[in-house]
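> Structure for this input, please:
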Amino acid sequence: MHNPPIRVTIWNEFVHERQNPAVAAIYPQGIHGALAEALSKHGDLVVHTATLDEPEQGLPPVVLDQTDVLLWWGHAAHDQVSDELVTRVQQRVLAGMGLIVLHSGHFSKVFKRLMGTSCALCWREAGERERVWKINPGHPIAAGIGDCIEIEQSEMYGEPFGIPTPDELIFVSWFQGGEVMRSGATWTRGSGRIFYFSPGHEVYPIYHHPEIQRVITNGIRWARPQGEAANTPRHVPVEQAREKIEVRGGTVHVEDGKLAGQ
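I've put the predicted structure just below:
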């Protein structure tokens, strides 16, 4: 039995590409467009894009409800994302939607809400070499990746990184200046899986790199909904108990909505 296609929504604030000619030259259709072009080559992915300037900031309930895995890229406009949208995304993740947070999305409202920590880190923009080392070779997100991914020019993201201890750590990056970074990590929140992947600064063509695209594709397949959403806790009346409830001196019954013995 084949799994149904994974419905992917790529959300990008789409600010730098419109304001910075250097970024526009690398990503003429936006970062979301470049990722959509790469991901759409895979027959098991159905890809949709959304941006901040669209109605309801690109993610109304009808879109989120039809999304299996959401990719999130933001940087210059974190504060413009409404708290209402953050809550909608959080609720969908808790119910089972996968979330992949990319690069500067580490400081997005969505990621900070789900992590519950500062998500702050060290950074430097100097176009230095990055090596993304695979430290968990058996993980599905690392499938098809060599010992490390070489990125000739990148923005340094370094430790300390204010995240909760990851459930799984898959990649650690080394930078030419000497810093290291937990650059690929996963968590589970409710029924939803979350993958953070740091390479992807907007002024470098990192999302055109085939191995970076491979990691993101693997991440989508790993983060797809795994089953039913966790049930919300509810009151179970005595008459709905699976087994007969007995206490010393008699059976349990209900009086005015409260348990009583007889």
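
> And G190, how close does it get to Q29?
34 Å (CB to CB, to the nearest Å). Where you see a C-beta, it was placed from the backbone N, CA and C, and this is true even at glycine.

> Please disregard the earlier target; I meant F171.
27 Å.

> the more surrounded of the two?
Neighbours per residue, other CB atoms under 10 Å: of F171 and Q29, the larger number sits with F171, 26 against 14.

> and that one, what element?
strand 168-175 (DSSP states H and E).

> Determine how far that strand lies from the middle of the whole chain.
Strand 168-175 has its C-alpha centroid displaced from the chain centroid by 16 Å (CA atoms, centre = their mean, to the nearest Å).

> per-residue confidence averaged over the helix or strand that that strand is followed by?
Counting by DSSP H and E, the next helix or strand C-terminal to strand 168-175 is strand 180-189. When pLDDT is averaged along strand 180-189, the result is 98.

> Neighbouring strands - and their directions - for strand 180-189?
strand 168-175 (antiparallel), strand 192-197 (antiparallel) (DSSP bridges).

> Would you reformat these as a markdown table and include mean pLDDT and distance to L39?
Shown next, in a markdown table, are those (pLDDT from 0 to 100; distance: least, CB to CB, whole Å):
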| stretch | mean pLDDT | distance to L39 |
| --- | --- | --- |
| strand 168-175 | 98 | 19 |
| strand 192-197 | 98 | 14 |
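
> do you know which of the ones you listed lies nearest H42?
With respect to H42, and counting by CB to CB, the nearest of these is strand 192-197 at 16.7 Å.

> residue ranges of the strands in the stretch 151-262 of the chain, please?
Shown for the stretch 151-262 of the chain, the strands assigned by DSSP state E, counting those that start in this stretch span residues 168-175, 180-189, 192-197, 246-247, 250-255, 258-261.

> Which of the residues in the lengthiest helix in the chain are classified as buried?
Longest helix of the chain, by residue count under DSSP state H: helix 210-223. Using 16 or more other CB atoms under 10 Å as the test for burial, helix 210-223 gives 211-223.

> Quick check: of those, which lies closest to E37?
Nearest to E37, judged by CB to CB, of these is Q213 at 9.7 Å.

> Now the closest one: closest residue in space that isn't a chain neighbour?
Of all residues not flanking Q213 in the chain, A38 sits nearest, at 4.6 Å (CB to CB, 6 or more residues apart in numbering).

> burial measure for that neighbour, as a count.
The number of residues packed near A38 is 20, by other CB under 10 Å.

> and it, what does it touch?
By CB atoms under 8 Å, 6 or more residues apart in numbering, the contact set of A38 is 207-208, 213, 216-217.

> ditto for A76
By CB under 8 Å, 6+ apart, A76 lies in contact with 13, 15-16, 19.

> Surely E125 is in a strand?
Yes: judged by DSSP: H, G, I helix; E, B strand; the rest coil, E125 forms part of a strand.

> Show me the beta-bridge partners of it.
With DSSP bridges applied, E125 shows beta-bridge pairing to E155.

> Please look at it and Y157 and confirm they touch.
No: the pair E125 / Y157 is not scored as a contact, 10.2 Å apart, by CB atoms under 8 Å.

> so where's the stretch 1-150 of the chain shaky on pLDDT?
1 (pLDDT under 70).

> that older thread, same drill for E125 and Y157, tell me which one is more crowded.
Neighbours per residue (other CB under 10 Å) separate E125 from Y157, with Y157 holding more: 25 against 11.

> Output the contacts of A76 in CSV, with neighbour count appended to each entry.
Formatted as CSV, these follow (neighbours: other CB atoms under 10 Å):
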residue, neighbour count
E13, 27
V15, 19
H16, 23
Q19, 10
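
> Any chance of JSON lines for those residues, columns distance to K112 and secondary structure?
Converted to JSON lines, those look like this (distance: CB to CB, whole Å; DSSP: H, G, I helix; E, B strand; the rest coil):
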{"residue": "E13", "distance to K112": "15", "secondary structure": "coil"}
{"residue": "V15", "distance to K112": "19", "secondary structure": "coil"}
{"residue": "H16", "distance to K112": "21", "secondary structure": "helix"}
{"residue": "Q19", "distance to K112": "24", "secondary structure": "helix"}
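
> Nice, that's everything, thank you.
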